[in-house]
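Here is a sequence with its predicted model. Questions after.
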Amino acid sequence: QVQLVESGGGLVQAGGSLRLSCAASGSIFSIATMGWYRQAPGKQRELVATIATGGSTNYADSVKGRFTISRDNAKNTVYLQMNSLKPEDTAVYYCNANLSPTYIINRRINYWGQGTQVTVSS
């Protein structure tokens, strides 16, 4: 079993900051890419940011310069620092990990967290 547990969501005023965390645990052999996605009401889930094992990052254009993704490989944890938040950032944020579980080490499988709500008021 593999679990991704997110924390750090909440309600914040426009211009404020939040930091999301996601810890992966369980039967993990190795983790490749970790990332954050979000889904606003009535919209499709979209990529926010990803980070590879070596630290290379990728961001959606809408969050570049405002959000920073980082990870602690020793803790199997990924973070998302969100600054200068806007009402349009309001969504459920989902953690994602592309990893090899101990029972299938020659395959990578996508795992998702349960989601954490971020609400930005104007």
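Okay, I see it.

Tell me where this structure has strands.
Secondary structure of the chain (DSSP state E): strands at 2-7, 10-13, 18-26, 28-39, 46-51, 57-59, 67-72, 77-82, 91-101, 109-112, 116-121.

what would these look like in CSV with mean pLDDT?
Shown next, in CSV, are those (pLDDT from 0 to 100):
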stretch, mean pLDDT
strand 2-7, 96
strand 10-13, 98
strand 18-26, 98
strand 28-39, 97
strand 46-51, 98
strand 57-59, 98
strand 67-72, 98
strand 77-82, 98
strand 91-101, 97
strand 109-112, 97
strand 116-121, 98
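
Dump those strands into TSV; add mean neighbour count as well.
Heads up, the C-betas are built off the backbone N, CA and C, glycines and all. Below are the strands of the chain laid out as TSV (neighbours: other Cβ atoms under 10 Å):
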stretch	mean neighbour count
strand 2-7	17
strand 10-13	13
strand 18-26	18
strand 28-39	19
strand 46-51	19
strand 57-59	15
strand 67-72	18
strand 77-82	22
strand 91-101	21
strand 109-112	13
strand 116-121	17
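
which residues does Lys86 contact?
The contact partners of Lys86, taken as Cβ atoms under 8 Å, 6 or more residues apart in numbering, are 14, 120.

Which residue, other than its chain neighbours, is closest to Asn106?
Using Cβ to Cβ, 6 or more residues apart in numbering and skipping residues adjacent in sequence, the residue nearest Asn106 is Ser100, 7.3 Å away.

Go ahead and confirm that neighbour touches Phe29.
Yes. The criterion here is Cβ atoms under 8 Å, and Ser100 meets it with Phe29 at 4.5 Å.
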